[in-house]
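Visitor: Kindly return the folded structure for what I paste below:
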Amino acid sequence: MQQRFADRIGVSRPTLGKMESGDPGVSIGAWAKALELLDRQDELDLLLAPGDNLFEKYEQESAPPRKRVSRRRQ
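Guide: Numbering: from 1, shown residues only. As a prediction, the model looks like this:
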């Protein structure tokens, strides 16, 4: 059954397994074809929804740690 579905969307069985596990490396065309065959084309926008901004995440992780200023009373 899985091989047949993989054949219908034009991917290999291992690629279908990657799709099932949510691998982001699978082409958007394969996802679009799968959604079309499942009559769920309206869910394509969920695949294209913005996720984490990887550039901002990298900048936050690579930024030097902030130092606290001492507030001693004089």
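
Visitor: Relative to residue 8, how far out is the residue nearest to the spatial centre of the chain?
Guide: For the chain, the residue sitting closest to the mean C-alpha position, by C-alpha atoms, centre = their mean, is residue 24 at 4.5 Å. Separation of residue 24 from residue 8 (C-beta to C-beta, to the nearest Å) stands at 22 Å. Where you see a C-beta, it was placed from the backbone N, CA and C, and this is true even at glycine.

Visitor: Then residue 39?
Guide: Using C-beta to C-beta, residue 39 is found at 13 Å from residue 8.

Visitor: Between the two, which is the more surrounded one?
Guide: Applying other C-beta atoms under 10 Å to residue 39 and residue 8 shows that residue 8 carries more neighbours, namely 12 against 7.

Visitor: I'd say that one and residue 37 touch.
Guide: Yes - applying C-beta atoms under 8 Å, one finds residue 8 in contact with residue 37, separated by 5.8 Å.
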